[in-house]
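1. model this:
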Amino acid sequence: MEVLSLFEKAVKESERLGQKPSNETLLQLYSLYKQSTLGDVNVAPPENPFDFVAKAKYEAWSALKGKTQQEAQNDYIRLVNKLKN
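-> Okay, here's the model as predicted:
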């Protein structure tokens, strides 16, 4: 199966996980998804210094700068498969 098809399948499976992942894992899923679909971070950092969720999301995605979209898709697939087991 093509990586993109496996990625799309993993995205759907991530929405039906048996139990909710930890916040750290959710950040990993978020950042890998953004890197997989949009590439390197392309938005300005959050302006509100007290919006800790937006800041954490931005920093997690920004940390993946330079990772190709296909690498991010493969990492996302592996993470979802790990969470399913």
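2. the helices in this structure, which residues?
-> 3-14, 23-38, 52-62, 69-84 (DSSP state H).
3. For those helices, give me JSON lines that also has mean neighbour count.
-> Every C-beta, even on glycine, is put in place using the N, C-alpha and C of the backbone. Output for the helices of the chain, formatted as JSON lines (neighbours: other CB atoms under 10 Å):
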{"stretch": "helix 3-14", "mean neighbour count": "15"}
{"stretch": "helix 23-38", "mean neighbour count": "18"}
{"stretch": "helix 52-62", "mean neighbour count": "16"}
{"stretch": "helix 69-84", "mean neighbour count": "17"}
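4. Residue 45 is nearest to which of these?
-> Residue 45 lies closest, by CB to CB, to one member of these: helix 52-62, at 5.2 Å.
5. could I get the helices of the chain as TSV with distance to residue 46?
-> Output for the helices of the chain, formatted as TSV (distance: least, CB to CB, whole Å):
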stretch	distance to residue 46
helix 3-14	24
helix 23-38	14
helix 52-62	4
helix 69-84	22
